[in-house]
Structure formats: C-alpha cells, structure tokens
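Engineer: turn this into a model:
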Amino acid sequence: MAKTSPLEFMRQVRAETAKVVWPSRKETIMTGVMVLIMATLLGLFFLGVDSFFDLVVRSLLRLAQ
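Structural biologist: I've put the predicted structure just below:
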C-alpha cells in the first residue's frame, strides 16, 4: 500500500468533505417525523404480539394446574 503524506491526506479529506450533501431542514424534519411514526407503530405492534403471547402462556399455565 502506498504511503500518503499528511499534507496529501488533508487535501484528500478536504476534497471528500466537499462532496458531502447535507439534507435540508425540511428533509431532516420529515425524516424525524417518519422515524417517530414508525417507532410508534412498531411499539404498538410488539405490544400486541407480547400481549397475545402473555395470554397464551397464562392460559397454558392455568391448564397445567
């Protein structure tokens, strides 16, 4: 592997960071809202699944007594 001088490395870093495209404020807010919605939906889904399995396990334990 070829060695790069620190000065050349800094130039390459600067060139790469110039290519970065940051999202707009609107895009960031929309993404955040979508994350909150999806997290809420998944939380509700897993609450339902967990409640269902809780009911099944409790029913089976009641039968075992």
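Engineer: can you report how many residues neighbour residue 24?
Structural biologist: For residue 24, the number of neighbouring residues by other Cβ atoms under 10 Å comes to 9. All C-beta spots, glycine's among them, are computed from the backbone N, C-alpha and C.
Engineer: buried residues of whichever helix in the chain runs longest, list them for me.
Structural biologist: Here the longest helix in the chain is taken by residue count, with DSSP state H as the criterion, and it is helix 25-64. Within helix 25-64, no residue is scored as buried using 16 or more other Cβ atoms under 10 Å.
Engineer: what is the mean pLDDT for that helix?
Structural biologist: pLDDT averaged over helix 25-64 equals 97, rounded to a whole number.
Engineer: relative to residue 42, how far out is the residue sitting nearest the centre point of the chain?
Structural biologist: What sits nearest the mean C-alpha location of the chain, by Cα atoms, centre = their mean, is residue 35, with 7.9 Å. For residue 35, the distance to residue 42 (Cβ to Cβ, to the nearest Å) stands at 11 Å.
Engineer: next, count neighbours for residue 12.
Structural biologist: Residue 12 sits with 11 neighbouring residues when counted by other Cβ under 10 Å.
Engineer: which SSE is it in?
Structural biologist: Secondary-structure assignment from DSSP states H and E places residue 12 in helix 6-18.
Engineer: what does that helix rub up against?
Structural biologist: Counting by Cβ atoms under 8 Å, 6 or more residues apart in numbering, the neighbours of helix 6-18 from elsewhere in the structure are residue 4.
Engineer: that helix: which residues count as buried?
Structural biologist: Within helix 6-18, no residue is scored as buried using 16+ other Cβ under 10 Å.
Engineer: how far does that helix sit from the chain's center?
Structural biologist: On the basis of Cα atoms, centre = their mean, to the nearest Å, helix 6-18 sits 30 Å off its chain's mean C-alpha point.
Engineer: using PDB, write out every CA atom in it.
Structural biologist: Listed next in PDB are the C-alpha coordinates belonging to helix 6-18 (Å, rounded to 0.1, in the frame of the first residue of the first chain):
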ATOM      1  CA  PRO A   6       0.000  14.100   5.900                       C
ATOM      2  CA  LEU A   7      -0.400  17.100   3.600                       C
ATOM      3  CA  GLU A   8      -1.800  15.000   0.800                       C
ATOM      4  CA  PHE A   9      -4.100  13.200   3.200                       C
ATOM      5  CA  MET A  10      -5.500  16.500   4.400                       C
ATOM      6  CA  ARG A  11      -6.100  17.500   0.800                       C
ATOM      7  CA  GLN A  12      -7.900  14.300   0.100                       C
ATOM      8  CA  VAL A  13     -10.100  14.700   3.200                       C
ATOM      9  CA  ARG A  14     -11.000  18.300   2.200                       C
ATOM     10  CA  ALA A  15     -11.900  17.100  -1.300                       C
ATOM     11  CA  GLU A  16     -14.100  14.300   0.100                       C
ATOM     12  CA  THR A  17     -15.900  16.500   2.600                       C
ATOM     13  CA  ALA A  18     -16.600  19.000  -0.300                       C
END
